[in-house]
Every structure is written in structure tokens, then in C-alpha cells.
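>>> Let's see this in three dimensions:
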Amino acid sequence: MALVRFFDCPLCVGIPENERERFLEGFDYTVKNYGRDEVVFRQGEACRFLYILLEGEVKAEMTDDSGAMLRIETIRAPRALAPAFLFAGDNHFPVTATVAEATEGFIATKESVFRQLARYEVFMRNFLSVNSNRTTFLTGRLQFLSFKTIRGKLIHYILELASAGNENVVLDKSQQELAEYFGVTRPALAKVLYELADEGLIVVNRREIAILDRQALRRAMM
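Residues are numbered from 1 along each chain as shown. Reported below is the predicted structural model:
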């Protein structure tokens, strides 16, 4: 039963086993199944429910002023979808959540979430921690988006993956997934990737990247 994964979600970890049934019963909720390409919620809609992904995968995408679609992230179960907006003053979703693979979602009312936050300290702590971590993630994402060129975005991404003292990186996304993440076409991304290789800054072997000159690569980002 997928609902068992509810307690693997970072919002709900730490609830004692002997309290889990009572904790779950404290929500006014439904469990809904979504098919591939179905929209869970749209950018600009008001957030009135807590969504927890129990199974499957969802794409969070944003449409900019020019109408271009930008992939913000891919969210895999078990995880909450945009919980910070549930109690925000401006509680409109900044992204559209679209199902990437068959998904099951737990959907609870705002009022019942508020009640459970008051009743369970561990749930409240988890809620604060998850939303704080999301702020950190979004700050980094904004820094990434501040680079106007594909070149700048790609170099920043590679350097973020490269830990201190490690010049070998394994990309965690395919070129197609990276292109969607950057909001560009795959050929445009591949062109920049191999330009960096031709300039002697990196070596490319499928998803494996070897950084040949970290400082020169950093300068090339500007």
C-alpha cells in the first residue's frame, strides 16, 4: 500500500509507530492517482492543500514572460510538493506540477495540516526544516538562473557538482534532461559542452566530466 510511504516523506519522519494511525486520521485527506502528463496543479493557482507525492515522479516547470518553459526540478516520491506556499500570504503556486510517471498523491486540507502542526511537535519541526531547506535550494537556483548564457549555466552546474579537490564529475542528468533544466535545446547544450572540451577546459566521456583547469573554467563562466 503506497500510503505506507507517507511516513518516509521528510515532513512525516519521526512520528512514533504507535502514533502513526492516529496522526494520519487527524488529516482531512484524499489519495488520488494521476496518469502520465496529467497536471497536479498549475502555475498561478492558489495553494489550498498539502500535496505529498507517495509514488511516482513530478516535473516542476515555470513559464517565463516570453512563454518559454523552464524546468525547475524533478520531484520523486516520497516528498511534499511546494509545502511552503500553503501558509504564505501570496499562496499562488510559482510552478506547474506535471506527472512524469504514474503518480499517487496524498492531498490534505490546509485546516487539518494546521491542526496537526499544533498537535505534533515533530511534524512542526519537520515542516520548518523542509521549508528552510527549500529556501536554500531556491536561492541556489536563482543564482544559477542569473547566468544569461548556456555556457555560464553549464559551467556553474559542473563546478557545483565538483567537490573541493575532485576534478572528476559524473553528471546526474542526461543531456536531454540538462537541456530541459536549463530551458534550452539539446543541440545547443551539446554544442557548448564540446566547445569547452575543444578549449581544453574539460574532457567529456558521456556523463563523465574531467575538469582540466578549474580556475580557467571558472573564468570562462563570466
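>>> which other residues reach stretch 119-136?
Under the contact criterion C-beta atoms under 8 Å, 6 or more residues apart in numbering, stretch 119-136 has outside partners 10-15, 19, 23, 26, 80, 83-84, 116-118. All C-beta atoms are positioned from the backbone trio N, CA, C, and that covers glycine.
>>> Taking these together, which two end up most distant?
Pairwise distances among these were taken by C-beta to C-beta; the largest, 25.3 Å, belongs to Glu19 and Ala84.
>>> hmm, which helix or strand of this structure has the shakiest average pLDDT?
helix 121-145 (a mean of 79; mean pLDDT, DSSP states H and E).
>>> Buried by neighbour count: which residues of the helix or strand following it qualify?
Towards the C-terminus, the helix or strand next in line after helix 121-145, according to DSSP states H and E, is helix 150-161. Taking 16 or more other C-beta atoms under 10 Å as the basis for neighbour counts, the residues of helix 150-161 that come out buried are Ile150, Arg151, Gly152, Lys153, Leu154, Ile155, His156, Tyr157, Ile158.
>>> about what we covered before: compare Glu19 and Ala84 (neighbour count), which wins?
When Glu19 and Ala84 are compared on other C-beta atoms under 10 Å, the one with more neighbours turns out to be Ala84, at 16 against 13.
>>> How about the contacts made by the residue nearest to Cys12 when sequence neighbours are not counted?
The shortest distance from Cys12 to any residue other than its chain neighbours is 5.8 Å, reached at Phe6 (C-beta to C-beta, 6 or more residues apart in numbering). When contacts are counted by C-beta under 8 Å, 6+ apart, Phe6 touches Cys12, Leu24, Ile52, Leu54, Pro78, Phe106.
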